[in-house]
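Colleague: task: produce atomic coordinates for the following.
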Amino acid sequence: MKAIVCEKYGTPEVLQFKDVEIPAPKEQEIRIKVYAAVVTPSDCSFRRADPFFIRFLYGLRNPKHPILGVEFAGEVDSVGKDVTLFKKGDQVFGISPHRFGTYAEYVCLPEDQPVFLKPNNAGYDEAAGLCDGALTALIFLRDHAKIQPGQKVLINGASGAVGAYAVQLAKYYGAEVTGVCSSRNFELVKSLGARTVIDYTKEDFTRGDQTYDVIFDAVGKRTYSECRGSLTPQGIYLSTVPSGGAMLSMLLTSKSRGKKAIFTAAGLKQKKENLAFLKELFEAGKIRSVIDRRYPLEQTIEAHRYVETGRKKGNVILHVSS
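Modeller: Numbers count the residues shown, from 1 in each chain. As a prediction, this is how the structure comes out:
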C-alpha cells in the first residue's frame with residue numbers, strides 16, 4: 001500500500017511517499033481503507049518533535065510510529081474474528097490517537113477505539129474534518145468549561161480547525177459567541193455563528209472593557225495572564241497548547257474558587273459517544289465542516305508546508321485512497 005513515512009524528525013522534506021506492507025487486523029481489530037485523512041498542526045509538531053517532550057513519548061531519536069496521521073474517514077475493509085461492532089463495508093470516521101497511521105491506504109485499529117459510523121449526509125472529507133477540530137472543541141467547551149446558555153464566550157483563532165468548530169458548538173449550547181480572527185475570515189466566522197468578530201490585527205480583545213465567561217484560545221497565542229483581566233470573576237481560560245506557562249497557570253488556579261486556566265489532552269480523552277454526538281449534530285445541520293484545501297497523498301509535504309504557515313481555515317484534507 002502507499003503511505004507517507006516519517007523515519008526521522010525534521011522539516012516537511014523528511015516525509016517519504018513509499019510502498020509498505022498492508023497491515024492485517026488482529027482478532028479484535030478492524031482494518032479501514034482510508035479515503036480521507038487530515039493534516040493538523042499537531043501532525044507537524046510530531047514530525048518536528050517540537051516541543052521536545054514529544055521525543056519522550058513517541059521516540060527519543062526517531063519516531064516509533066513512522067506513519068503519521070490521527071484523524072480519518074474510510075470504509076471497513078476487513079474485520080478480525082472476534083469483532084462484533086463493525087462489518088465489512090461500514091463507512092466510518094474516527095481517530096487513531098495512540099498508534100497514528102492514517103497517512104496510509106489502510107490502518108488497523110481495535111474496534112473499541114474512537115471509531116463510529118460516519119454521518120449519512122457527510123462525504124469522507126467532511127467526516128474526517130469533524131474528527132480534527134470538533135472533537136477537541138467538544139472536550140474543552142462541554143466537558144471542561146461546562147458551557148451554559150447565555151454565557152459570553154470568546155474564541156481566539158476562530159477560523160482555524162478547532163476554532164471554527166468551537167464557534168459552532170458554543171452557539172449550539174446557547175452561548176453568545178465572539179470570534180477573533182483576521183479580517184479576511186470575518187464572513188466565515190459570522191456564518192458559523194459568531195455574533196461579534198474582532199480583527200486581531202487592529203484590536204486587542206484583552207485591552208477592551210468586555211469580559212467573558214469563557215476565553216478559548218484555540219491557537220495558543222494568548223496566555224492566561226494576558227486574558228485574566230477579560231474574564232468574569234468565575235471565568236475560565238482554555239488553551240489547546242501545552243506550554244510551560246499554560247501548565248503553570250493551570251496548577252496555580254486549580255484550587256481557586258474564581259478564575260481558572262485549563263488545558264487537557266483532548267485527543268486522549270475521546271470515545272465513541274463523542275463521535276456519535278457529532279454525527280447527530282451534523283446530520284441535523286447544527287454543525288458543518290470547514291475545509292480549506294485538499295491534497296493527494298503524494299503531496300503531503302506541500303500540505304505540511306501550508307499548515308505550518310498558520311493561515312489555514314478549518315481543515316486541510318489528504319485524499320488517501322481513490
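Colleague: what's near enough to touch T300?
Modeller: Contacts for T300 (CB atoms under 8 Å, 6 or more residues apart in numbering) come out as 4, 12, 15, 17, 39, 103, 318. No exception for glycine: its C-beta is placed from N, CA and C like everyone else's.
Colleague: which of the residues you listed are buried?
Modeller: Among those, those buried by neighbour count (16 or more other CB atoms under 10 Å) are 4, 12, 15, 39, 103, 318.
Colleague: which of these sits closest to G59?
Modeller: Taking CB to CB as the measure, G59 lies nearest L15 of the buried ones among the contacts of T300, at 15.6 Å.
Colleague: quick one, phi psi at the closest one?
Modeller: Dihedral pair for L15: phi -70, psi 130, per degrees, to the nearest 10.
Colleague: and if you look at the one 4 residues further on?
Modeller: Reported as degrees, to the nearest 10, the phi and psi values for D19 are phi -90, psi 130.
Colleague: can you count the residues close to it?
Modeller: The number of residues packed around D19, counting by other CB atoms under 10 Å, is 10.
Colleague: sorry, back to before: so of the contacts of T300, which ones are in strands?
Modeller: The strands, defined by DSSP state E, take in 4, 15, 17, 39, 318 from the contacts of T300.
Colleague: distance check, Y124 against I30.
Modeller: 16 Å (CB to CB, to the nearest Å).
Colleague: what of A73?
Modeller: According to CB to CB, A73 and I30 sit 14 Å apart.
Colleague: re the thing from before, which of the ones in strands among the contacts of T300 sits closest to H65?
Modeller: For these, the residue nearest H65 by CB to CB is I4; the value is 12.1 Å.
Colleague: which strand residues bridge the closest one?
Modeller: Following DSSP bridges, I4 is listed with bridge partners F17.
Colleague: so it touches G101, yeah?
Modeller: No - the pair I4 / G101 is not scored as a contact, 10.2 Å apart, by CB atoms under 8 Å.
Colleague: what touches both of those two?
Modeller: Overlap of the contact sets of I4 and G101 (by CB under 8 Å, 6+ apart) consists of 67-69.
Colleague: could I get the residues you listed as a markdown table with neighbour count and pLDDT?
Modeller: Shown next, in a markdown table, are the shared contacts of I4 and G101 (neighbours: other CB atoms under 10 Å; pLDDT from 0 to 100):
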| residue | neighbour count | pLDDT |
| --- | --- | --- |
| I67 | 20 | 97 |
| L68 | 26 | 97 |
| G69 | 28 | 97 |
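Colleague: can I get those in JSON lines including secondary structure and distance to S322?
Modeller: As requested, the shared contacts of I4 and G101 are arranged in JSON lines below (DSSP: H, G, I helix; E, B strand; the rest coil; distance: CB to CB, whole Å):
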{"residue": "I67", "secondary structure": "strand", "distance to S322": "19"}
{"residue": "L68", "secondary structure": "coil", "distance to S322": "20"}
{"residue": "G69", "secondary structure": "coil", "distance to S322": "17"}
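Colleague: Q113: which of the residues you listed is nearest?
Modeller: The nearest member of those to Q113, counting by CB to CB, is G69 at 14.3 Å.
Colleague: ok, the closest one to F46 distance?
Modeller: Counting by CB to CB - G69 and F46 are separated by 10 Å.
Colleague: any common contacting residues for those two?
Modeller: Common neighbours of G69 and F46 (CB under 8 Å, 6+ apart) are F100.
Colleague: please enumerate the strands of the stretch 151-300 of the chain.
Modeller: All strands of the stretch 151-300 of the chain, identified by DSSP state E, counting those that start in this stretch, fall at 152-156, 176-181, 196-199, 212-217, 231-239, 260-262, 291-296.
Colleague: which residue is the nearest non-sequential neighbour of K171?
Modeller: Using CB to CB, 6 or more residues apart in numbering and skipping the chain neighbours, the partner closest in space to K171 is G193 (3.3 Å).
Colleague: okay then, goodbye and thanks.
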